[in-house]
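In: okay, here's the prediction I keep looking at, along with the sequence it came from:
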Amino acid sequence: MHVPDGSSSCGPRTPYDVLVIGGGVIGLVTAWRAAQRGLRIAVADPSPGGGAAQVAAGMLAAVTELHYGEETLLGLNLASAERYPEFTAELEEASGQDTGYRACGTIAVALDSDDRAHLRELHTFQLRTGLDSQWLTGRECRSLEPMLAPGVRGGVLVAGDHQTDPRRLAAALVTACQRAGVVLHRSSVRRLSVVQGRATGAVLEDGTELAAEQVVLAAGSRSGRLAGVPDEVLPPVRPVKGQLLRLRIPGPYAPFLSRTVRAVVRGGHLYLVPRENGELVVGATSEELGWDTTVTAGGVYELLRDAHELVPGITELPLVETGAGLRPGSPDNAPLLGPTALPGLHLATGHYRNGVLLTPITGEAMAEVLTTGELPDVARPFSPRRFAPALQERSA
Ligand code: GLY
């Protein structure tokens with residue numbers, strides 16, 4: 001039975017094929033892709049299209065955010081980055097909305113000799129891993145980006161690390177879901193329903209019960225604390241706060257920066273992401289402060305101080321917004337995708353710094369596992385069962 005309207009607060013139980021808990025970009029892309037495969041899908045979220053994407057910068061930084069020991073995650077990140085152009089075209093067609101994807105590349109620069117040595121090491125690692133990364137002198141950096149500080153000591157150009165606009169991406173996913181017949185229940189979830197050792201749906205804040213054959217927990221940093229989920233299945237996801245600024249490059253948008261500019265300044269990742277519409281995003285802090293989302297004077301000060309060192313001209317620009325969001329951090333910085341040890345319950349969470357980048361591949365992998373029971377090869381290393389070997393054996 002197809003249920004076109006999820007707005008009523010009571011009524012009969014609704015037998016969906018899949019209930020997705022969480023309507024951020026990960027939950028929405030899961031819903032959209034699964035609906036395209038003919039499944040009847042509901043999403044429960046008080047504000048679909050909200051969540052961490054409202055604060056994210058939208059860098060698709062598979063290569064420039066490469067870290068030692070994360071080569072497996074790199075494979076997933078690259079697979080998703082590769083899908084972005086086609087994914088964007090399909091989503092824009094399905095929603096009739098522009099998502100702000102911009103194939104502009106990224107330059108990562110060093111401000112002093114220590115940073116330069118560190119960047120050299122990263123560059124060597126990138127080349128050894130077979131990635132496209134080009135070393136630049138300080139002069140070459142400034143000829144590509146004339147607004148960079150004169151003291152820039154060198155950098156790497158990563159022509160394949162692009163960007164998208166997460167707010168527009170989220171809005172387009174909401175529309176694409178609605179057009180694909182996904183029912184949006186604009187409510188929080190009180191608890192997961194479990195009957196005889198199987199996830200069977202969820203109870204909404206107003207007491208409405210939604211029944212589903214399968215449930216996907218895609219509630220970002222909140223995924224680790226949903227009532228009703230057995231302790232041994234709760235994902236080990238924690239909130240990692242990021243503060244971020246939005247500045248405006250006054251029209252008619254003379255190229256202030258032509259591509260994303262990044263640096264490591266005093267140990268923190270700093271990035272400036274110039275959008276085609278004149279917005280300049282400056283991010284981001286990384287703070288382990290639990291559920292706190294306060295924008296602090298210290299956070300804004302540090303971002304502006306470091307961004308000013310990198311691109312002195314930013315102090316002339318209007319500061320139009322400050323914000324803070326919560327990344328869903330996981331123990332190995334990689335997402336948790338697919339079935340859990342509780343039959344009927346899947347996870348799509350823990351994307352940490354890569355939620356926007358991993359949106360296309362997550363939708364594809366989750367639609368595959370929801371329809372066939374199997375994760376595609378590229379997503380298999382990210383099964384939640386990697387954190388619970390004992391449970392894996394029990395349910396095998
Ligand atoms: N990927 C950028 C961030 O999480 O700040």
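Out: The structure has been received and is ready for your questions.

In: so what's whichever residue of the stretch 151-300 of the chain sits closest to the ligand up against?
Out: The ligand sits closest to residue 284 of the stretch 151-300 of the chain, with a gap of 3.9 Å, by C-beta to the nearest ligand atom. For the C-beta atoms, the positions are set from N, CA and C on the backbone; glycine is no exception. Residue 284 sits next to 57, 242, 243, 244, 269, 271, 303 when contact means C-beta atoms under 8 Å, 6 or more residues apart in numbering.

In: from residue 225, how far out is it?
Out: Using C-beta to C-beta, to the nearest Å, residue 284 is found at 23 Å from residue 225.

In: what helices or strands is the longest helix anywhere in the chain leaning on?
Out: For the chain, the helix with the greatest residue count under DSSP state H is helix 71-95. Secondary-structure packing of helix 71-95 (3 or more C-beta pairs under 8 Å, 6 or more residues apart in numbering; DSSP states H and E): helix 166-179, helix 359-372.

In: any chance of these in a markdown table with mean neighbour count and distance to residue 89 as columns?
Out: Shown next, in a markdown table, are these (neighbours: other C-beta atoms under 10 Å; distance: least, C-beta to C-beta, whole Å):
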| stretch | mean neighbour count | distance to residue 89 |
| --- | --- | --- |
| helix 166-179 | 22 | 12 |
| helix 359-372 | 23 | 11 |
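
In: indicate which one of those helices is closest to residue 78.
Out: Across those, residue 78 has its closest neighbour in helix 359-372 (9.5 Å, C-beta to C-beta).

In: CA atoms only: put the closest one into PDB for me.
Out: Output in PDB follows, covering the C-alpha atoms of helix 359-372 (Å, rounded to 0.1, in the frame of the first residue of the first chain):
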ATOM      1  CA  THR A 359      26.500  11.100  -0.100                       C
ATOM      2  CA  PRO A 360      26.400   9.500  -3.600                       C
ATOM      3  CA  ILE A 361      28.100   6.300  -2.600                       C
ATOM      4  CA  THR A 362      26.100   5.900   0.600                       C
ATOM      5  CA  GLY A 363      22.800   6.200  -1.300                       C
ATOM      6  CA  GLU A 364      24.000   3.600  -3.800                       C
ATOM      7  CA  ALA A 365      25.300   1.200  -1.100                       C
ATOM      8  CA  MET A 366      22.300   1.500   1.100                       C
ATOM      9  CA  ALA A 367      19.800   1.000  -1.800                       C
ATOM     10  CA  GLU A 368      21.800  -2.100  -2.700                       C
ATOM     11  CA  VAL A 369      21.800  -3.600   0.700                       C
ATOM     12  CA  LEU A 370      18.100  -2.800   1.300                       C
ATOM     13  CA  THR A 371      17.100  -4.500  -1.900                       C
ATOM     14  CA  THR A 372      19.500  -7.400  -2.100                       C
END
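
In: right, is it up against the ligand?
Out: No - using C-beta under 6 Å from any ligand atom, helix 359-372 stays clear of the ligand, with a minimum separation of 12.7 Å.

In: what's the angle from that helix to helix 166-179?
Out: Calculated by axes from the mean of the first three to the mean of the last three C-alpha atoms, to 10 degrees, helix 359-372 forms an angle of 30 degrees with helix 166-179.

In: tell me where the model's unsure across the stretch 151-300 of the chain.
Out: Low-confidence regions of the stretch 151-300 of the chain, defined by pLDDT under 70, span residues 252-254.

In: and the helices in it?
Out: 166-179, 297-310 (DSSP state H, counting those that start in this stretch).

In: let's have those in a markdown table, adding distance to residue 363.
Out: Shown next, in a markdown table, are the helices of the stretch 151-300 of the chain (distance: least, C-beta to C-beta, whole Å):
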| stretch | distance to residue 363 |
| --- | --- |
| helix 166-179 | 9 |
| helix 297-310 | 31 |
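
In: isn't residue 47 right next to residue 186, touching?
Out: Yes - using C-beta atoms under 8 Å, residue 47 is in contact with residue 186, at 7.2 Å.

In: so which residues of the stretch 251-396 of the chain form strands?
Out: Assigned by DSSP state E, counting those that start in this stretch, the stretch 251-396 of the chain shows strands spanning 260-265, 268-274, 279-283, 319-329, 336-339, 345-349.
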